[in-house]
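Q: Pasting a predicted model and its sequence here:
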Amino acid sequence: MNKNIVCIGAGYIGGPTMAVIAKMNPDRKVIVVDINKDRIAAWNSPDYALPIYEPGLVDVVREVRGKNLFFSTDIEGAVKECDIVFVGVNTPTKMFGRGAGRASDLQFWEATAREIKNYAEGDKIIVEKSTLPVRTAAAMESILNDHAKFRFTVLSNPEFLAEGTAIKDLLEPDRVLIGGPQDEVGLAAINEIVEVYATWVPRERILTTNVWSAELTKLAANAFLAQRVSSINAIAGLCEATGADVEEVARVMGADHRIGSKFLKAGPGFGGSCFKKDVLNLVYLCESFGLHTAAEYWSGVIKMNEHQQERIVSRLFKAMFNTLANKKIALFGFAFKADTGDTRETPSGTVARLLYDEHVRIVITDPKALPNARRDLADIVGDGSRLAFEDDPYKAAEDADAVVLMTDWRLYPSLDWKRIYDSMRKPALVFDTRNCLDRDALKSIGFRVLNVGK
Ligand code: UDX
Ligand code: UDX
C-alpha cells in the first residue's frame with residue numbers, strides 16, 4: 001500500500017508542492033499541517049481565498065482538497081497517520097549569537113524533529129524540504145534516532161520551484177533531487193520518494209545523491225543564480241557610465257550557449273526568501289571550514305545586490321536636482337518579482353526605506369502585495385502623510401514628481417502612460433528599473449526616463 005504523506009509547514013513551499021503531489025498521487029493521502037491556525041484556515045477557506053498567490057495553484061487545490069489533500073493544525077494526528085514526513089518549516093537567517101546575520105536559524109527545524117519523534121508510532125522517512133546548511137540532516141538524524149523506539153531515515157529533497165511559476169516548475173521540473181544515506185535502508189527510503197515523483201516526472205530527471213551533496217546543491221544552485229544577477233547588475237553600472245546598453249550586451253552574451261540567456265536581466269537586484277539567505281549560508285559554511293577567500297567571493301554577490309538599490313536612489317537624487325525632500329514618488333510594484341504577492345527581501349522595500357530617509361512622500365502600488373507591504377513597513381507608516389498605499393496605479397501617480405517602476409508586473413507596460421503623465425507634476429520622471437516599458441514612447445509623451453544599464 002502506498003504510504004500517506006504529511007508535510008509540516010504550509011508555506012510557499014509546502015502548500016504548492018503538496019497540492020501537486022496529491023494531484024499526481026490520487027491513491028495517497030496527503031496532509032499539510034502548520035502551527036499557524038490562520039494560515040490553515042485560509043488553505044481550507046470555502047471560497048479558496050488561499051494564503052498565498054500563485055498562478056494555477058487554486059485550480060489544483062480545488063481539484064484535490066477534501067479528496068486526498070487535507071490541511072490541518074493537528075500535527076500529532078497527522079504524524080501518527082503518515083509514514084513519510086516532509087518538513088518545510090521556515091529557516092530564516094539567524095539574528096542572534098553565533099553566525100548572526102549569516103547562518104540559518106534552525107530552531108524550528110529542530111523543534112519539529114523533536115515533535116515528530118514524540119508523536120511517531122512507527123518507522124518514518126523524514127524528508128527535508130527547507131533549505132538547510134550542509135550536514136543538517138545528519139544532526140537531525142542523531143536527534144531523531146537517539147534512544148528512539150523507531151527508525152527515522154532522513155533524506156534531503158530540496159525544492160527548486162520559483163515563485164510565480166511554482167505550479168509549472170512542479171509539474172515540469174528540470175530535475176528532482178533526492179539525497180539520502182547510501183546504505184541499504186537509505187537507498188530503500190530514497191526509492192520510496194522516487195516513486196512519489198515518478199508518477200509524473202520522467203525517471204531520468206529524478207537525480208539521487210548522498211545527503212550532503214543534495215543539501216549543498218540547493219545552496220550552490222541558488223548562489224549561482226544570484227551571482228548571475230549581481231554580475232549583470234555590475235555590468236549595468238558600467239553600461240550607464242560608458243553609453244553601452246545592458247540589454248544589448250546581455251542579448252549577445254546570452255547567445256553563447258555556454259553562457260545561456262536566462263538570469264541575465266539587469267534590474268533593481270534580487271529579492272525573495274532564498275537568494276540572500278542561501279548565499280549568506282554559503283558564506284558562513286565557507287568561513288567555518290576556513291575557506292576565507294571563497295567566503296569573501298560569495299559575500300561580493302550580496303554586496304553588489306545592496307549597492308544596486310543604493311544606486312537607484314543615488315541616480316534618482318541626481319536626476320531630481322539633488323533634493324528629494326517633500327517630493328512625491330510613486331513606487332510601482334512592491335513584490336520582489338511579478339506574479340507573486342511575496343515581499344520577502346524585496347528591493348522595493350529597501351528603496352522605500354532609503355527614500356523615506358530622504359523625506360520623500362512615497363505612495364506604493366502593487367496588484368498583489370499591498371497587504372504584505374503594509375505589514376513590512378508598519379514601523380514607518382506614521383500618520384500616512386509620508387507613506388501611503390494605493391491599489392490604483394493611476395491614483396498613485398497623481399501629482400507625483402516621479403514614478404519608479406520596481407516590479408515587472410505585466411500590467412505596467414499596458415497602462416495609459418499619457419494619462420499618467422498628464423496627472424503628474426512636471427518635469428515628470430519615470431525610472432524603469434526593470435527595463436520593461438517602451439522608453440521611446442515615454443520620451444515622446446514628454447517623460448524624462450531613467451533605466452538600469454543604459
Ligand atoms: C521555507 C523557507 O523559507 C525556505 O527557506 C525553505 O527552503 C523552505 O521553507 P516557505 O514555504 O517559503 O519556505 O516558508 P513560509 O512561507 O514561511 O512557510 C513556513 C511555514 O512553516 C509557516 O507557515 C509556519 O507557520 C510553519 N511552521 C514554522 C510550522 O508549522 N512549525 C514550526 O515550528 C515553524
Ligand atoms: C529562486 C530560485 O529560482 C528557485 O530555484 C529556488 O528554489 C528559490 O529561489 P525565486 O526566489 O522564487 O526562486 O525567484 P527567481 O525567479 O529566481 O528570482 C529571484 C530574484 O532575482 C527576483 O527578485 C528577480 O526579479 C531577480 N532576477 C531574476 C533578476 O533581477 N534578473 C534575472 O535575470 C532573474
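A: Now that the structure is in, tell me what you want to look at. Ligands and ions are numbered 1, 2, ... in the order given.
Q: Please name the residues that touch the residue nearest the centre of the chain.
A: Nearest residue to the geometric centre of the chain (CA atoms, centre = their mean): Gly272, 3.4 Å. With contacts defined as CB atoms under 8 Å, 6 or more residues apart in numbering, Gly272 is in contact with Glu163, Phe336, Lys337, Asp342, Arg344, Glu345, Thr346. For the C-beta atoms, the positions are set from N, CA and C on the backbone; glycine is no exception.
Q: cool, Met406 as well?
A: The neighbours of Met406, taking CB under 8 Å, 6+ apart as the test, are Pro268, Leu331, Phe332, Gly333, Phe334, Thr346, Pro347, Ser348, Val351, Thr433, Arg434.
Q: tell me the contacts of the last one?
A: Contact criterion CB under 8 Å, 6+ apart gives Lys265, Gly267, Pro268, Leu405, Met406, Thr407, Asp408, Val452 as the residues in contact with Arg434.
Q: One more: the first one?
A: By CB under 8 Å, 6+ apart, Pro268 lies in contact with Gln308, Gln309, Ile312, Pro347, Ser348, Val351, Met406, Thr433, Arg434, Val452.
Q: Does the third one touch Val351 like I think?
A: In this case it means Ile312. Yes - Ile312 lies in contact with Val351 (CB atoms under 8 Å); the separation is 5.7 Å.
Q: what residues are shared contacts of those two?
A: By CB under 8 Å, 6+ apart, the residues touching both Ile312 and Val351 are Pro268, Val404.
Q: count of neighbours near the nearest residue to Ile206 once chain neighbours are set aside?
A: Closest residue to Ile206 apart from its sequence neighbours, by CB to CB, 6 or more residues apart in numbering: Val176 at 4.7 Å. With neighbours defined by other CB atoms under 10 Å, the count for Val176 comes to 22.
Q: Flag every buried residue along the lowest-mean-pLDDT helix or strand in the chain.
A: When each helix and strand of the chain is scored by mean pLDDT, DSSP states H and E, helix 136-145 comes last, with a mean of 88. Residues of helix 136-145 classed as buried: Thr136, Ala137, Ala139, Met140, Glu141, Ile143, Leu144 (neighbour count, 16 or more other CB atoms under 10 Å).
Q: roughly how far apart are the fourth one and Val87?
A: Read it as Met140. 9 Å (CB to CB, to the nearest Å).
Q: overlap in contacts of these two?
A: Joint contacts of Met140 and Val87 (CB under 8 Å, 6+ apart) are Trp109, Ala113, Ile126, Glu128.
Q: Tell me if the helix or strand where the first one lies is near ligand 1.
A: Okay, so that is Trp109. Per DSSP states H and E: Trp109 is located in helix 107-119. Yes - under the criterion of CB under 6 Å from any ligand atom, ligand 1 is reached by helix 107-119 at Phe108, Ala111, Thr112.
Q: Of those residues - the most surrounded one?
A: Ranked by the number of neighbours (other CB under 10 Å), the residues of helix 107-119 next to ligand 1 place Thr112 first, at 23 neighbours.
Q: Could you report the pLDDT at that residue?
A: With respect to pLDDT, Thr112 has a value of 92.
Q: Let me see the contact set for it.
A: Applying CB under 8 Å, 6+ apart, we find Thr112 in contact with Ile8, Gly9, Val87, Val89.
Q: gap between it and ligand 2?
A: 20 Å (CB to the nearest ligand atom, to the nearest Å).
Q: And for Thr433?
A: From Thr433 across to ligand 2, the span is 9 Å (CB to the nearest ligand atom).
Q: Is the nearest residue to that residue once chain neighbours are set aside part of a helix or strand, or is it coil?
A: In space, and not counting its chain neighbours, Thr433 is closest to Pro268: 4.3 Å by CB to CB, 6+ apart. Pro268 carries the three-state label coil when classified by DSSP: H, G, I helix; E, B strand; the rest coil.
Q: what do you get for the one 5 residues further on?
A: Applying three-state DSSP to Ser273 yields a three-state assignment of coil.
Q: Assess the claim that it and Arg344 are in contact.
A: Yes - counting by CB under 8 Å, Ser273 does reach Arg344; the two are 4.3 Å apart.
Q: Among the contacts of Arg434, name the ones in helices.
A: With DSSP state H as the criterion, helices contain none of the contacts of Arg434.
Q: Same list (these) but as a markdown table, adding distance to Lys37 and pLDDT.
A: As requested, those are arranged in a markdown table below (distance: CB to CB, whole Å; pLDDT from 0 to 100):
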| residue | distance to Lys37 | pLDDT |
| --- | --- | --- |
| Lys265 | 39 | 98 |
| Gly267 | 37 | 98 |
| Pro268 | 35 | 98 |
| Leu405 | 37 | 98 |
| Met406 | 33 | 98 |
| Thr407 | 30 | 98 |
| Asp408 | 34 | 97 |
| Val452 | 42 | 98 |
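Q: Of those, which is the nearest to ligand 1?
A: Closest approach to ligand 1 among these (CB to the nearest ligand atom): Thr407, at 18.2 Å.
Q: Contact partners for the closest one?
A: Phe332, Gly333, Phe334, Ala335, Phe336, Lys337, Ala338, Ser348, Asp366, Ala369, Arg434.
Q: Give me the buried subset of those residues.
A: Buried among the contacts of Thr407 by 16+ other CB under 10 Å: Phe332, Gly333, Phe334, Ala335, Phe336, Lys337, Ala338, Ser348, Asp366, Ala369, Arg434.
Q: How about the helix ranked longest in the chain and ligand 1, touching?
A: Identified as the longest helix of the chain according to DSSP H is helix 211-242. No - residues of helix 211-242 contacting ligand 1 under CB under 6 Å from any ligand atom: none, with a closest distance of 7.6 Å.
Q: tell me which strands and helices the next helix or strand after that helix is in contact with?
A: As assigned by DSSP H and E, the chain's next helix or strand after helix 211-242 is helix 246-254. Using 3 or more CB pairs under 8 Å, 6 or more residues apart in numbering; DSSP states H and E, the elements in contact with helix 246-254 are helix 211-242.
Q: so the helix it packs on versus helix 246-254, what angle?
A: Here helix 211-242 runs at an angle of 130 degrees relative to helix 246-254 (axes from the mean of the first three to the mean of the last three CA atoms, to 10 degrees).
Q: Spell out which parts of this protein neighbour ligand 2.
A: 159-163, 222, 225, 229, 263-265, 267, 270-272, 274-275, 336-337.
Q: got the end-to-end distance for stretch 77-87?
A: Stretch 77-87 has an end-to-end distance of 16 Å (criterion: CA to CA, to the nearest Å).
Q: any idea of the mean pLDDT in that stretch?
A: The model assigns stretch 77-87 a mean pLDDT of 96.
Q: swap in stretch 37-46?
A: 98.
Q: So what does the residue in the stretch 251-400 of the chain positioned nearest to ligand 1 look like in phi/psi?
A: Residue nearest to ligand 1 within the stretch 251-400 of the chain: Ser273 (4.5 Å; CB to the nearest ligand atom). Ser273 adopts backbone torsions of phi -70, psi -20, taken as degrees, to the nearest 10.
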